[in-house]
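1. Here's my sequence, what's the structure:
(chains A, B, C, D and E)
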Amino acid sequence: MVINGKLIVSSSPHIRSVESVQSVMVDVLIALFPAALMAVLLFGYRALLTMVIAIAVAMLAEAIWRRKSDIFSDGSAAVTGLLLALALPAAVPWWLVVVGSASAIIIGKQVFGGIGYNIFNPALVGRAILVVSWGGHMAGDIWPSPQPFAFGYDAAVVTGATVLAAPEKAVTFSLPEMFIGNIPGCLGETSALALLIGGFWLVYKGHIDYRIPGGFIGTVFILGVLFGGGFYANIFMTGLFHVVAGGVMIGAIYMATDFVTTPVTPAGRLIFGIGCGLITMLIRLWGILPEGVTFAILLMNAVTPIIDNFTIPQRFGGVKKSA
Amino acid sequence: MQIIYAIIALGLIGLVFGILLSLAAKVFAVKVDPRVDKVKDSLPGANCGACGYAGCSQFAEAVVRGEVNPSGCIPGGTETAKALAAELGIDFAETEPLVATVFCIGDNEKAADRFIYEGVKNCAVAGRFYGGFKACTYGCLGLGDCARACPFEAIEIGPHGLPVVDQEACTGCGLCVNACPRDLIKTLPRRSNQGHLVLCSSHDRGKSVSKVCSVGCIACRACVKICPQEAIEMDDKLAVIDIDKCDDCGKCVPVCPPVTIYPRTAIPKKLADIEHPAAAASEDGS
Amino acid sequence: MERLLSIIFIYILVENFVLQRFFGICPFLGVSRKMETAVGMSMAVIFVMSMATLVTWLLYTFVLIPLNLEYLQIVTFILVIASLVQLVETTLRKISPTLYQGLGIFLPLITTNCAIMAVALLAVREEFAFIEAVVFGIAASIGFSLALVIMAGIRERLELADVPEVLKGSAVTLITAGILSLAFQGFRGMLTL
Amino acid sequence: MAEHNPYVDDLSRGIIRENPVFRLLLGMCPVLGVTAYFINGLGMGLATTAVVIASNVVIASLKNYIPAQVRIPCFIVVIATFVTIVEMVLQAFQPALYEALGVFVPLIVVNCVILGRAEAFASKKPVLRSLVDGVGVGIGFTLALGILALVREIAGQGTIMGPDPESAILLFGEGFEPMGLFGQPPGAFIALGLLLGFANMLFKKLNI
Amino acid sequence: MAKFSFRGGVHPVYSKEITSTLAIVKMPLPQKVVVPMQQHIGAPCELLADVEKIEKGTEVKAGQKLGDNKGFVSAPVHAPISGTVVDIGPYNHPLGMKINAVTIESDGHDEWDENIKPAGSLEDLSADDIRKIVREAGIVGLGGATFPAHVKLSPPEDKPIDVVIINGAECEPYLTADHRVMLEKTEEIVFGLKAMMKALGASEGIIGIEDNKPDAHKQVESMVAEEENIRVCTLPTKYPQGAEKMLIYVTTGRVVPAGALPMEVGIVNHNVGTAVAITQAIREGKPLVERVLTVTGSGVAKPANVQARLGTLASEVLDFCGGISESTLKVVVGGPMMGLAQPSADIPVIKGTSGILALTDEDVYLAESSPCIRCAKCVSVCPMNLMPTSIAQASEHGDYRRAEKLYALDCFECGCCSYICPSKIPLVQWIRIGKNEIMKRKNK
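-> Numbering: from 1, shown residues only, chains lettered A, B, ... in the order given. Now for the predicted structure:
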């Protein structure tokens, strides 16, 4: 018997799952589709424009930095771009999207060496930079109101107050309305329903760990019930309000679960989720900013290495607290 | 009056602390390696932490222990580095400048592969896999353990899969020598870069060498016989030239059937001289 | 009491000494390479910072002000801090070599840590009362330590990262600190004195 | 190079080869703290330059009279004295700048650059060379502060020569919305980080 | 016992249907066999050159002992065929190095050594007798680990064994040899189990079978229906179900402490093939000279479950199965998860060879590895609850102290982490490097 050519020799295992970084990222994009769709339905063409610009700039920035012509590459830049777009208000000017998307990729990711090495969630770095730079556009009291199914309407014209800027007024929106997403807010954050659908897809595909969103949303709910301001007759309603209002849902399901910037240990992920919830509520209730999800997740990203070091799981058959 | 107050106040504060300090120094005296103190004295004493150590004395201890290069003190700059080197001087001065040299020229084209290796790109690891993917079990695997070990970025794997030493950047520290799992790198005295070398490390029999590599030493002894200086000896089926005896007559070069012998001047001096020995041979040595 | 708690909260999170006020950047960059050193340094800073605030505040209030010598502030403070550190170091070295190994070796580094000097100066400038000044010193040092320890954790991970050659070391550390500072912006405006 | 002229070498070393900010990363607190506006950065740089020159000269002239054991405290006293003087001068003639620099003026005293030069250079070299060295280091430090401050002011405020509305020049007209980030603490870190990256790239290209 | 499972694990593409319905085929006598002196974990055998005059030209009979070692953790090797010794010297070994081996050219008669005779009925044999028979027959763990069987049957006195588990999980994809053995040699498995229980004084016997082999399960179940103290345990199909710690946990609920052997919790487990070998050794006196192995993969023309003499060259076995196609990328000895890729098929079948796979690009997923994205899938699939990515990273950067702190030594290299990794990082390889370095330091 003759073997033509040479054999490949490698370490075991010799079979690999077909899953790749790219396929994971595509799954995340699929998961974000309902939210993106809702954004377009609610906020019209401006939403679509923002998303297209953000994704295009993100992919372009990454391709240029890496000097590769493969624009889509592993898809992570597209995910970053889309996430950033979904975390922007509908009426932001185009140049703001460009700056945000480019800084997300460059300052949030590439300076650390690219995918896998970034410490902070790139999309949130981009968003935080925008919030700090152009607070008026990003976190003012004036937000475009949604106009369901009016694709051609210009979001910049009609405005309303975000529910978080003045929670007392929130009662004007019913919780079901908030759940569906028919309220003023950032593009992708208003529809808890669409976000949940995508979230279930990610859990089904095994890409996210329920502990992070669970810990995050659970903490926000409990703190909302206890300290939420009690502007609903039922304090549990207040808790729910804090969960569906603002960026908690999108943050908990898509941003706090970003692989690269969150702990790898199960216990660490729970701590991470709870920490995000705590800081979010701290900022919401006592800070001057109406919303704290972005900063909460960034802060927890920063302590992720420390969490990882303190939550090394007990090995199978290991004695608890062994030397 | 103001001035007098100022002088008195400052003087008093100085006095109190001076007394306290000198008392503390006496009462709480601890013995320290005198060399550490000497080194410490040569340091700026700014305790700025720029060196990565907790303070000047920690840095001094590290320098004395040989953990860190004297040039590690950033505020002190070159002046301090020189002073420190003088302080510990003796060991530095005596060593002859060395340069790393790779003893294998079996590149991707000249030395055959046995199988395709897939996995961790690391010579030490790949070499353990069935004796390495190169058919020659002595030859360079070209996965760059030496390049990674070099703190001066003086080694890079060239286009043909062999490491090239940037002779200007190389300090002869020898880290690559230890890093190479196949012991292909030796540090040689820089001097005038003179002498010829047999650029092969295979101790296999000639027949098996020629099967796996077109430029390996086949232990034919032709060079040993022709060398007028008797500078070449056989070491377990491998010709080795003693560069101390070699007078660069070059008589061994034409008699070597696989063309394994080269003058040291022909070894590429940096990655830019891409072509390995043969092409660079025309370059003059300096 | 409330004011004291506010001081603590503000100087740990809102007006973090390193991330918002830019004090102690040199040790922040220098000693954040390893978690172990960062923790040791933090302990030492907390200790010395509270001591220094205490001593300088007393000296300023009871010696310099009565004598109308406020302009000697800088000279006295730096001298006091330098001597204090030296004193603590020599004492610790003899009394508890183990504690010295863990903590004392960081002491000299603190002399030129501008965070210490800043804390002494600010305590006077902000016109804090005695207890407030001490609490301020402790809070500021905890804030410094927090930033240092977080940074050490991140840098241990960055050590393994494929950071572009030109950004390696301090550049990427500064950018990281920038994003960290960005994250701390979330606390902006929370509580005022 | 060093053989040509020691003074040239002393001068250029501090500006380029051993630039305190871009190469040695020393004295970073004021670099970050006062560079929101170009004027402030420049002022801080000049103040530091004054102190480093004066202390270098004094220490170099006194070096033979200072006992080795207590030289560090002596240096500190000398530096602190000059810092106090600079502070008073600023307060008297440039009150706006003095206000803007705030606590960073007295903090010049703990700037490692100054003590570092005193110990590493001035305490060993003649007076004139120490002077030149001080000038070099001062220029290097001021240069770095100036560049960073310029970048931050243009990006973060859209002006130069701010913050005084009288002297400030709006670069891009009224409609421009500057990137507020660079006027704030996070922007200081990020701008310096990126600038450092650029400097490294430049140094590598120029091979220095 | 309830069908609960262990933590982690993966569900690879099993590809067992290729051979699972094919009855075991006996391979014709090979022309030549190569018998390496080490086919087990422990001290290598020494050639019986002095006593038996095994040297070039010696005529040997099948079953004749060729090499042995006095060490306790060792097992003798025997001549698998009768013929002439034509060469003694280093030969390619599936483990990757060259190992001293005896090459025998067949005389085609397959004459057996005259000393081979039945040992008598199980009732007449003492525990010691059984251990001695097992040792002399050179029986080792046939699942692939090749730990000498008699050692496992001789626990120290302070560690009483109450349960013997027969491992019929066969969780490795592609392999079906154990499956076929359970179907075709059921009675011998049960007999072997009884012999082991007797040798150990164990009161309970368990045969664990993954639920993807219902036919084997039924067959074995019916065979042990009469036996009071033997039961069959259905295991959920999940890799690495057959790893001993996982198997013990799922069948008995006992947790083997980290770093310890199963005997710590009163359990010994053996592969089904080992049970059959013990039965043959007792009933017929035959030493271990042949085994059943699966030859499969999309590179093999006629995949089969083959019963082959030890020492048969892999190339010959592959030829027997129709040869391998030109698109074959890898030849693997063992299963695809833990087996060893070979640089050539010029290697002998040894005691631990459970299969020979010829994999083409249909089976093998080739991809360059990219940086870790910290998805932690490796953490969630690790049956030992370790952090593969962190260990690999520590090992990659030479921080072996950290690797040890992260329990690198508890890794048994099942390959789940590398399998699942979307970045295709050779995690197991890095961890293995780390383990080697840690051991090296420990031995210093």
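2. so where's the chain uncertain?
-> If you meant another chain, say so; for now it's chain A. Where chain A drops to pLDDT under 70, the residues are A:1-5, A:139-143, A:152, A:154-163, A:165-172, A:229-231, A:319-323.
3. ah, no, chain D please
-> Chain D contains residues with pLDDT under 70 at D:1-4, D:69, D:208.
4. Which residue ranges of it form helices?
-> Applying DSSP state H to chain D gives helices spanning D:6-12, D:28-33, D:38-62, D:71-93, D:95-101, D:112-117, D:127-157, D:185-206.
5. same check, this time on the stretch 101-250 of chain A
-> A:122-133, A:135-139, A:175-180, A:192-204, A:211-227, A:235-244, A:248-250 (DSSP state H, counting those that start in this stretch).
6. in the stretch 151-286 of chain B, what residue is nearest chain A?
-> Relative to chain A, the nearest point of the stretch 151-286 of chain B is residue B:212 (13.5 Å; CB to the nearest CB). Any C-beta I mention is one placed from the backbone N, CA and C, and that applies to glycine too.
7. Of the helices of chain D, which is nearest chain B?
-> Per CB to the nearest CB, nearest to chain B of these: helix D:112-117, 3.0 Å.
8. how near is residue C:172 to residue D:204?
-> Distance, residue C:172 to residue D:204, by CB to CB, to the nearest Å: 16 Å.
9. thinking again about what came up before, and of the helices of chain D, who's closest to residue E:366?
-> helix D:185-206 (36.2 Å; CB to CB).
10. So is that closest one next to chain B?
-> No: Helix D:185-206 stays clear of chain B (CB under 8 Å from any CB of the partner chain), getting no nearer than 11.3 Å.
11. ok, for residue E:441, nearest residue in space, not its chain neighbours?
-> residue E:400 (6.7 Å; CB to CB, 6 or more residues apart in numbering or on different chains).
12. what's the burial count for that neighbour?
-> By other CB atoms under 10 Å in any protein chain shown, the residues close to residue E:400 number 21.
13. Can you say which of the helices of chain D is nearest to residue A:16?
-> Between residue A:16 and those, the shortest gap by CB to CB is with helix D:185-206, which sits at 36.9 Å.
14. Could you tell me which ranges of chain E sit under the pLDDT cut-off?
-> For chain E, residues meeting the criterion pLDDT under 70 lie at E:1-3, E:49-52.
15. Isn't residue A:31 up against residue A:194?
-> No: look at residue A:31 against residue A:194 with CB atoms under 8 Å: they stay out of range, at 10.0 Å.
16. one step back: out of residue C:172 and residue D:204, which sits in the more crowded spot?
-> More neighbours surround residue C:172 than the other of residue C:172 and residue D:204, with 25 against 11 (other CB under 10 Å).
17. Starting from residue A:112, give me the distance back to the more buried one.
-> Counting by CB to CB, the separation of residue C:172 from residue A:112 is 7 Å.
18. Residue D:158 too?
-> 29 Å.
19. More neighbours: the two, which one.
-> Set residue D:158 next to residue A:112 and count neighbours by other CB under 10 Å: residue A:112 wins out with 27 against 21.
20. contacting residues around the residue nearest to that one when sequence neighbours are not counted?
-> Leaving aside its chain neighbours, residue A:112 sits nearest to residue A:118 (4.5 Å; criterion: CB to CB, 6+ apart). Residue A:118 makes contact with A:108-109, A:112, A:260-261, according to CB atoms under 8 Å, 6 or more residues apart in numbering or on different chains.
21. Selecting buried members of the residues you listed in ChimeraX, what would you type?
-> To isolate the buried ones among these in ChimeraX, judged by 16 or more other CB atoms under 10 Å in any protein chain shown, type:
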select /A:108,109,112,260,261
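22. Pull the number of nearby residues for the residue in chain E that chain D sits nearest to.
-> For chain E and chain D, the shortest gap (CB to the nearest CB) falls at residue E:371, measuring 20.4 Å. For residue E:371, the count of nearby residues is 18 (other CB under 10 Å).
23. Roughly how far does it sit from chain C?
-> Remark: distance between residue E:371 and chain C (CB to the nearest CB, to the nearest Å) = 7 Å.
24. Around chain E, pick out the residues from chain C.
-> C:159-160, C:162.
25. what does the helix or strand hosting residue A:64 contact?
-> If you go by DSSP states H and E, residue A:64 is part of helix A:45-66. Outside helix A:45-66, the residues that touch it by CB under 8 Å, 6+ apart are A:36, A:39-40, A:69-73, A:76-78, A:80-82, A:84-86, A:88, A:90-92, A:94, A:97-98, A:100-102, A:104-106, A:109-110, A:114, A:144, A:151-152, A:154-156, A:187.
26. In chain C, where's the longest helix?
-> Per DSSP H, chain C has its longest helix at helix C:130-158.
27. Which strands or helices does the helix or strand that that one is followed by pack on?
-> Along the chain past helix C:130-158, the next helix or strand (assigned with DSSP H and E) turns out to be helix C:170-184. Where contact means 3 or more CB pairs under 8 Å, 6 or more residues apart in numbering or on different chains; DSSP states H and E, helix C:170-184 is packed against helix A:122-133, helix A:293-310, helix C:25-30, helix C:130-158, helix D:185-206.
28. buried set for stretch C:183-193?
-> For stretch C:183-193, a neighbour-count test (16+ other CB under 10 Å) marks C:183-188, C:190-191 as buried.
29. Run through the helices of the stretch 101-250 of chain E in chain order.
-> In the stretch 101-250 of chain E, the helices defined using DSSP H, counting those that start in this stretch lie at E:127-136, E:149-152, E:177-184, E:186-200, E:214-224, E:244-252.
30. Please tabulate those helices in JSON lines and include distance to residue B:244 as additional columns.
-> Shown next, in JSON lines, are the helices of the stretch 101-250 of chain E (distance: least, CB to CB, whole Å):
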{"stretch": "helix E:127-136", "distance to residue B:244": "60"}
{"stretch": "helix E:149-152", "distance to residue B:244": "57"}
{"stretch": "helix E:177-184", "distance to residue B:244": "63"}
{"stretch": "helix E:186-200", "distance to residue B:244": "69"}
{"stretch": "helix E:214-224", "distance to residue B:244": "73"}
{"stretch": "helix E:244-252", "distance to residue B:244": "60"}
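31. want to throw those helices into a markdown table with distance to chain B and mean neighbour count?
-> What follows is the helices of the stretch 101-250 of chain E, written out as a markdown table (distance: least, CB to the nearest CB, whole Å; neighbours: other CB atoms under 10 Å in any protein chain shown):
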| stretch | distance to chain B | mean neighbour count |
| --- | --- | --- |
| helix E:127-136 | 31 | 19 |
| helix E:149-152 | 27 | 24 |
| helix E:177-184 | 25 | 25 |
| helix E:186-200 | 35 | 22 |
| helix E:214-224 | 35 | 17 |
| helix E:244-252 | 26 | 24 |
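32. Could I get the helices of chain D in a markdown table, plus columns for distance to chain E?
-> Putting those into a markdown table (distance: least, CB to the nearest CB, whole Å) gives the following:
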| stretch | distance to chain E |
| --- | --- |
| helix D:6-12 | 39 |
| helix D:28-33 | 28 |
| helix D:38-62 | 38 |
| helix D:71-93 | 38 |
| helix D:95-101 | 43 |
| helix D:112-117 | 31 |
| helix D:127-157 | 31 |
| helix D:185-206 | 20 |
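33. ok, the contacts of residue A:118 vs residue E:88, which is closest?
-> Nearest to residue E:88 among the contacts of residue A:118, counting by CB to CB, is residue A:260 at 56.4 Å.
34. What residues does that closest one make contact with?
-> Applying CB under 8 Å, 6+ apart, we find residue A:260 in contact with A:115-118, A:121, E:373-374.
35. Tell me the one of those residues nearest chain B?
-> Using CB to the nearest CB, the contacts of residue A:260 come closest to chain B at residue A:116, 16.7 Å.
36. which ones are touching the closest one?
-> A:260, C:161, E:370-374, E:423.
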